[in-house]
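[1] predicted model and sequence follow; I will ask about them next.
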Amino acid sequence: MPRDPAAAAALYCRASRYGDAESQYSLAWMLSHDRGIARNDAEAAHLFAAAAEQGIAQAERMLAAMGGTPMGEPPPCLRPPEADVLPPKPVIAAQKPGAKGSAPARSQDWPAMPPPAQAPAAIVDFVQQVAPEYRLAPALVLAVMATESNFDPAALSPKNAQGLMQLMPDTARRFKVSRLTDPTQNIRGGMAYLRWLLAYFEGDVALALAGYNAGERAVERYRGVPPYAETRAYVRRILTAVHGQRSHPFDAAVTPPSPMLDFWRPVAPKRP
C-alpha cells in the first residue's frame, strides 16, 4: 500500500487514546521529526512521557533529550476514547457534621447489585457490614477487590502491591495499615483509600478508580484517566462490574477536593 503518514498518525492517535505505549512512542517520533505531519514538540513530549511511564525505554531517552517533564495540557491523542466518556450522573456530597439541610448522602443510594460469583461468602459478608462505615457501596469495594486480587489474600504484584486490595506499602502507611497480610486491615485500608479518592475527586468514580490504580497525581497530570493501557482497561472493567455507575456519594469532610478539578469543569453559562 502507498505510504500515508496522515492516516498512520490518525491510527496511532486512536491507539494512543486507548493507552497503547508503542503507538504513543511512534506518534511522538513523527511529531518530533516532522515526518509526514507538522512538527509539534509540545505534543510529542507528552506522548513520549506517557510511553516512558509505561516502560518504553526509547521514549524515556527522547523525553530527557527534549528537556524532561512536559508542560501544559495533554494533547487530544491522550484523552480517553469517546466510547469511555459518558455523561456524568449527578454527584451528591455527604454533608460535613453539623451542617443543616437534607440528610447526608449514603452509599446505599446505589442500586443493589449481586456480588461477584467468585467472591468468598465470608469476604462478601465482611464488606457488606463494614463498607457503610466508610460510606462506600459494597458493590464498588467488591468490584475493586475482584479486579485487584481476585479475592486472593496472598496476592503480590510485581510492583509490591499486596493483599486483597493490593495496597502499596506507602499507601498502607498513609492509611494506618500496619499488617498488609492481615485481610481485615488490608480491606479497611483499601476502603479508606477509596473513600479519600472519592472525596478528592468529588464522587467521580472513574477518576477515583484511576487514582487507585495509577495514583491521584497521574490523574491530575493528565486531566483525567491516565493514558496507560492497564489503567484505562482497569477503569472500564470495574465500571462494567458496577453497571456503569459513574458517580458515588462522597464525604466532603474527608479531604478538600483536587485543585485541578476547577480546570476540568465546564464553565456554566451566564444567565441573560
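    In hand now; what should we look at?
[2] residue ranges of each domain in the chain, please.
    Following automatic domain parsing, one gets these domains for the chain: 5-78, 91-264.
[3] so who does Ala154 touch?
    Gly163, Thr181 (C-beta atoms under 8 Å, 6 or more residues apart in numbering). Placement of C-beta: from N, CA and C, glycine included.
[4] just to revisit the earlier point, for the domains of the chain, give me CSV that also has mean pLDDT.
    Output for the domains of the chain, formatted as CSV (pLDDT from 0 to 100):
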stretch, mean pLDDT
domain 5-78, 94
domain 91-264, 90
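[5] touching, Ser23 and Tyr12? I think so.
    Yes - between Ser23 and Tyr12 there is a contact under C-beta atoms under 8 Å: 4.5 Å.
[6] residues touching the helix or strand harbouring Gln58, excluding its own?
    In the assignment (DSSP states H and E), Gln58 maps to helix 57-65. Outside helix 57-65, the residues that touch it by C-beta under 8 Å, 6+ apart are Ala21, Gln24, Tyr25, Ala28, Trp29, Ser32, Ala45, Phe48, Ala49, Ala51, Ala52, Pro70.
[7] centroid-nearest residue for this structure?
    For the chain, the residue sitting closest to the mean C-alpha position, by C-alpha atoms, centre = their mean, is Ala210 at 0.7 Å.
[8] in space, what's closest to that one - neighbours in sequence excluded?
    Val225 (4.3 Å; C-beta to C-beta, 6 or more residues apart in numbering).
[9] spit out the contact partners of that neighbour.
    By C-beta under 8 Å, 6+ apart, Val225 lies in contact with Pro80, Asp84, Ala206, Leu207, Ala210, Val219, Thr231, Arg232, Val235.
[10] from these, which is closest to Ala155?
    Distance to Ala155 across those (C-beta to C-beta) is lowest for Thr231, with 18.3 Å.
[11] quick check, that closest one in contact with Asn213.
    Yes - taking C-beta under 8 Å as the definition, Thr231 is a contact partner of Asn213 at 4.8 Å.
[12] please enumerate the helices of the chain.
    5-17, 21-33, 41-53, 57-65, 121-130, 138-149, 169-174, 183-200, 205-214, 216-221, 229-241, 261-264 (DSSP state H).
[13] tell me which of those helices is the most buried.
    With neighbours defined as mean count of other C-beta atoms under 10 Å, the helices of the chain peak in mean count at helix 205-214, which reaches a mean of 26.
[14] orientation of it relative to helix 138-149 in degrees?
    30 degrees (axes from the mean of the first three to the mean of the last three C-alpha atoms, to 10 degrees).
[15] and for helix 205-214, what's in contact with it?
    For helix 205-214, contacts defined as C-beta under 8 Å, 6+ apart pick out 84, 140, 144, 193-194, 197-198, 200-201, 218-219, 224-226, 228, 230-231, 234-235, 238-239, 242, 245-248.
[16] repeat for stretch 32-51
    Residues outside stretch 32-51 that contact it (C-beta under 8 Å, 6+ apart) are 3, 5-6, 8-9, 16, 21-22, 24-25, 27-31, 59-60, 62-63, 66-67, 69-72, 74-75, 77-78, 222, 226-228.
[17] with stretch 11-27 instead?
    Here stretch 11-27 makes contact (C-beta under 8 Å, 6+ apart) with 9, 30, 47-48, 50-51, 54-56, 58-59, 62, 76-81, 226-233.
[18] burial of the closest residue to Glu220 other than its chain neighbours, as a residue count?
    Leaving aside its sequence neighbours, Glu220 sits nearest to Met260 (C-beta to C-beta, 6+ apart; 4.4 Å). The number of residues packed near Met260 is 18, by other C-beta atoms under 10 Å.
[19] how much space between Met260 and Asp41?
    In this view, Met260 and Asp41 are 24 Å apart by C-beta to C-beta, to the nearest Å.
[20] just Ala192 next, same as before
    Distance from Ala192 to Asp41, counting by C-beta to C-beta: 42 Å.
[21] alpha carbons of stretch 222-233, as PDB, please.
    Only the C-alpha atoms of stretch 222-233 are listed here, as PDB (Å, rounded to 0.1, in the frame of the first residue of the first chain):
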ATOM      1  CA  TYR A 222      -3.400  14.000  32.600                       C
ATOM      2  CA  ARG A 223      -6.600  15.800  33.500                       C
ATOM      3  CA  GLY A 224      -8.500  12.500  33.700                       C
ATOM      4  CA  VAL A 225      -7.900   8.800  33.400                       C
ATOM      5  CA  PRO A 226      -4.100   8.500  32.600                       C
ATOM      6  CA  PRO A 227      -3.300   7.200  29.100                       C
ATOM      7  CA  TYR A 228      -2.000   3.800  30.300                       C
ATOM      8  CA  ALA A 229      -3.400   0.700  28.700                       C
ATOM      9  CA  GLU A 230      -3.600  -1.000  32.100                       C
ATOM     10  CA  THR A 231      -5.300   1.900  33.800                       C
ATOM     11  CA  ARG A 232      -7.900   2.500  31.100                       C
ATOM     12  CA  ALA A 233      -8.800  -1.200  30.900                       C
END
